[in-house]
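In: structure for this input, please:
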Amino acid sequence: MMAMQRLVGELMPYEGSRIKVWMEDRSGEQQTLPKPYTLFKVEAASDGTQLLFYFNKEQFLSVPVFDEKHTLLEQTPTGPRFVSHDEQSQLHYWVYFL
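Out: Residues are numbered from 1 along each chain as shown. Predicted coordinates:
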């Protein structure tokens with residue numbers, strides 16, 4: 001739970017920022033293209049296992065949170081990005097902050 005609170009705290013400064021969201025399916029299914037949004041807010045789901053990235057008051061993307069090896073906010077040469085790798089479902093979630 002502490003890691004979840006830390007992640008929410010690290011992501012809150014990006015509320016109001018433009019983001020691109022991409023979900024990558026490693027099981028061989030068709031890939032989606034990154035989609036642009038404005039990040040309205042970030043909060044932890046009530047069960048404490050997912051982060052909710054809101055695009056407006058009602059629409060959100062629910063992203064599972066794992067250990068620090070699989071879920072992290074990282075700095076890259078092109079800017080910060082949030083990644084979460086769900087190995088069981090073979091889904092990888094990417095949120096790029098523009």
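In: in the protein, which spans are helices?
Out: Along the chain, counting by DSSP state H, helices occupy 2-11.
In: pLDDT at the residue of it most remote from its centre, what is it?
Out: Of all residues in the chain, Gly28 has its C-alpha farthest from the mean position, at 21.3 Å, by Cα atoms, centre = their mean. Predicted confidence (pLDDT) at Gly28: the value is 70.
In: for Tyr93, name its beta-bridge partners.
Out: Met23, Ser84 (DSSP bridges).
In: shouldn't it be in contact with Arg81?
Out: No - look at Tyr93 against Arg81 with Cβ atoms under 8 Å: they stay out of range, at 10.3 Å. Every residue, glycine included, has its C-beta placed from N, CA and C.
In: more neighbours: these two, which one.
Out: Taking other Cβ atoms under 10 Å, Tyr93 and Arg81 do not tie; Tyr93 has more neighbours (21 against 17).
In: enumerate every residue touching the more buried one.
Out: Val21, Trp22, Met23, Glu24, Leu61, Val63, Pro64, Phe82, Val83, Ser84, His85, Asp86 (Cβ atoms under 8 Å, 6 or more residues apart in numbering).
In: thinking Ile19 is in contact with Thr38, fair?
Out: Yes - in this structure Ile19 lies within contact range of Thr38 using Cβ under 8 Å: 7.2 Å.
In: more crowded one of those two?
Out: More neighbours surround Ile19 than the other of Ile19 and Thr38, with 22 against 13 (other Cβ under 10 Å).
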